[in-house]
Structure formats: C-alpha cells, structure tokens
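> what follows is a predicted protein model with its sequence.
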Amino acid sequence: MLHLDFNKKLPKEFYLRYTSDVAGDLLGKYFVRRIGKNFLAGKIVEVEAYDGSFDEAAHTFIGKTKRNEVMFNDGGILYVYFTYGMHFCCNVVTGKKDEGQAVLIRAVEPILGVEIMAKHRFGKSNLTQNEFRNLTNGPGKICQALRIRRKENGTDLTGDEIFLVDNNKIHSKKIITTTRIGIKKSVDLPWRFYIKDNLFVSQK
DNA sequence: TACTAGATCGGCT
DNA sequence: GCCGATCTAGTAG
C-alpha cells in the first residue's frame, strides 16, 4: 500500500532543525521531482548529515563561497553540487541562515515514474534486475535518474517542482547508524543513516 | 565478490 | 596544479 499523498508535503519548519535530527527523520519520506506533467518519486532510504560549523567534511567548513552559498540559507531548499567532473549530488539544506548545514540524499527506492528514471539513467525503459537495483542507489545516480543538475541548485522545497512528502515514520529498530562514506575528514562522526535491509542502500 | 583505475572538470590553494 | 560528499568497467580470485 503506497502512502504517497501530495497533500502531505513537508513544511518549512521540518527543515529548520539540526541537520542530524532532520537526517534521521528523512528516512522513509518521499522525494518528488516534477518534470512538466510527469512526477518522479523515490522513498528516501539512505542519508548523511553535514554541519560546516565544525565538520571538516562539509563544503561549508571553509566559509561562504560561490559554490556553497546556497547551503548557508535557512533550511528548506535544495543544495546541488557538481563533483568528480561529471556527477551531481543533491542535499536538503537544514537549520537556520548562516549555519551551513545540509543532509545529503544518498539513496532512494524508486516509487513513481520508474520508466522515465530508467531512460534518464540507461537510455531505455526496460531494465535488467541489476540495472534496476542500480537506478537510484547512490547520490550521483539519484541526480541522473531525477534529472537534477546545476539549474536545480537553490530550489525551494515548499514549491511544486521538487518537494518532499511525509510518510509513516520508520521504526527506530530499522534505522542503522554508521560513519559517512567517501570522505577523508571528520570520518568518525556517526552521521550516516539508512533503512535496514533495503535493496537500494548504496553499501551495507 | 573485491579491488583498481580511469573518466573529467570546477573550485580552491 | 591538485583533488573531490562518484560511478563504471575491467581484472583477478
């Protein structure tokens, strides 16, 4: 039974809290992307928190620059960055203005518009089992599947282009907490959260 | 299944 | 110049 109800969009206040608190609460929520008349959606299954006030792995740790300025706004907007010369990653900005916090969306479970996501990722709509598992199980893959790029940086998440929809809370026993992946600084912070046994989590 | 290298480029030193 | 909040294809076991 699918609970995706566009009337249950997460309000601005949801995002104005501390990054690691928002991160845990984001698990299970629906991430919705509208492209024209088509809606694409995935259930969030893996996230990481970042806080530039002391966290050296956060882009905002070095202070405000052209690249990271979006992340210094009040929570409730999207921070999209380009990395490794070819990938985009998307984050939900959290906390208050000038705090420099965000939650990286690392993996989602495809829910709606799967064929369109498949075309964005693999140029075809019929996928093998392996391709399906690789549709949105990583931050760069999500942005490719949902066609999120530079232009989407700063998008207001209370608008109707990209937004998050509430869903039943994930039971705490189903939430696994670990250190973050793919970084070299502040590696000991326990700020990665994912849903236990979900097929689309990027790494066990 | 596990590890490694290559792709590719914007941001910052 | 160096390196990154990554992904993929390749090789070896």
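It's in.
> for A:Q144, which non-adjacent residue is spatially closest?
A:R121 (5.4 Å; CB to CB, 6 or more residues apart in numbering). Bear in mind the C-beta positions are built from the backbone N, C-alpha and C, glycine included.
> so that neighbour belongs to a helix, correct?
Yes. Looking at A:R121 with DSSP: H, G, I helix; E, B strand; the rest coil, it is inside a helix.
> thought it was touching A:A145?
Yes. Using CB atoms under 8 Å, A:R121 makes contact with A:A145 at a distance of 5.1 Å.
> of the two, who's got more company?
Using other CB atoms under 10 Å, the more surrounded residue of A:R121 and A:A145 is A:A145, with 25 against 20.
> so that one sits against A:L40, correct?
Yes. With contact defined as CB under 8 Å, A:A145 reaches A:L40; the gap is 7.5 Å.
> overlap in contacts, these two.
Residues touching both A:A145 and A:L40 (CB atoms under 8 Å, 6 or more residues apart in numbering): A:M117.
> how many residues are close by A:V47?
With other CB under 10 Å as criterion, A:V47 counts 28.
> can you tell me the closest non-neighbouring residue to it?
Using CB to CB, 6+ apart, the nearest residue to A:V47 is A:A23, at 4.7 Å.
> ok, the helix or strand hosting the one you found near DNA strand C or not?
In this assignment (DSSP states H and E), A:A23 forms part of helix A:19-26. No. Using CB under 7 Å from any atom of the strand, we find that helix A:19-26 stays clear of DNA strand C, coming within 9.6 Å at best.
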